[in-house]
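Q: Sequence and computational prediction follow.
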Amino acid sequence: MSPVWMHPIPRSCFFLLWFVSSALAAERHVDPTWLHRSLDSIKEQPSDLTSSNCHYHPIFGMGDPDATLLRGIVRYGEIIVDSQGTSQMVTYKEEEQVYFVREGNGQVQYGAELTPIRPQDFMYLAPGIAHGIRNSSDRPLCLIVMGFRVPNPTVAPADSRLLKANLEEVPRQEVAGHPPSTLYQLLMGAADSKRDKIAAARVLTSLFVMEFDVGGTNFPHHHDREEEIYLVLDGHGDMVAGGGMDGVEGRHPAQVGDAYFFRLNCTVGFYNEGAIGKPKSRILAVRSLYPFSK
């Protein structure tokens, strides 16, 4: 039998194979399990409520480069209304919203009703009701807006009232499954909630503030049905986001103005690194249902 001679592969073929494999690797995109933003570095973007004296800073969702990563959350951003300024009036038939006032005083126009607002007020804005913001004070008004995609929208009743409360009205309490070094203020939950100050939401499942003692934590954990966002209001520490070298937790330095988005099943938590005698760390957190496909 005659020997079979193997012809050498031309170098050009090796180059072609390398080029194709490199191109395929470059095209592959892996979605992150969490996102980090800092309020100080977010640029203003136009939105349907902005005006010459009302400004919107997208933190997550609409207006952010990674907006498609969020599924049930439409928007999470900062609204700043200048002194004597007003926003545009907006109506969302397929979105429920929450406002949390960080700084300043003003009014919310909700349907035909004009309601005063002050720092640490939080309120539920139902789908289908026109609303806007006014600032009649001499200082800027700053709010966090959260919007959640509502399936099967319904027509809101014409006499709907703005559901509003203030953080000072909500007691601090321990929550089962978490250590006593962290106290919770349960601000808002679903319409059938029996524990939250305001029970009204359809997609939002829990809006709350966590207060951490020195060295305190809420124990790293995960949620298998909900997306979650943390915003540091006071203090500093280590944010737990995703898996670290041990496959359990990755710790990242976090301070006031840092915001983190966590996909479902992403490890999430916080360790307060403050010192005795310094203000406790506080985080504004919100969880909402992930829209599973049928």
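A: Structure received.
Q: Near P58, how many other residues are there?
A: Here the neighbour count serves as a burial measure; for P58 (other C-beta atoms under 10 Å) it reads 21. To be clear about C-beta, it is placed using only N, CA and C from the backbone, and glycine gets the same treatment.
Q: lowest-confidence helix or strand of the chain?
A: Lowest on mean pLDDT, DSSP states H and E among the helices and strands of the chain sits helix 11-27, with a mean of 52.
Q: Show me what secondary structure element comes after that one.
A: strand 34-38 (DSSP states H and E).
Q: residues in contact with Q255?
A: Listed by C-beta atoms under 8 Å, 6 or more residues apart in numbering, the contact set of Q255 reads V232, G235, H236.
Q: Sort out for me which of those are in strands.
A: Restricting these to those inside strands, with DSSP state E as the criterion, leaves V232, H236.
Q: what's the pLDDT at the residue nearest in space to the middle of the chain?
A: Centroid-nearest residue in the chain, with C-alpha atoms, centre = their mean: I229, separated by 3.7 Å. According to the per-residue confidence, I229 scores 98 in pLDDT.
Q: quick one: it and V286 touch, right?
A: Yes. The pair I229 / V286 is scored as a contact, 5.3 Å apart, by C-beta atoms under 8 Å.
Q: Now do the shared contacts for the two.
A: Shared contacts of I229 and V286, counting by C-beta under 8 Å, 6+ apart, come down to Y76, M146.
Q: For the nearest residue to Y184 once chain neighbours are set aside, the count of nearby residues, please.
A: Distances taken as C-beta to C-beta, 6 or more residues apart in numbering put V175 closest to Y184, at 4.8 Å, once the chain neighbours are dropped. If you count neighbours by other C-beta under 10 Å, V175 ends up with 15.
Q: what's the answer for G63, then?
A: Applying other C-beta under 10 Å, I find that G63 has 19 neighbouring residues.
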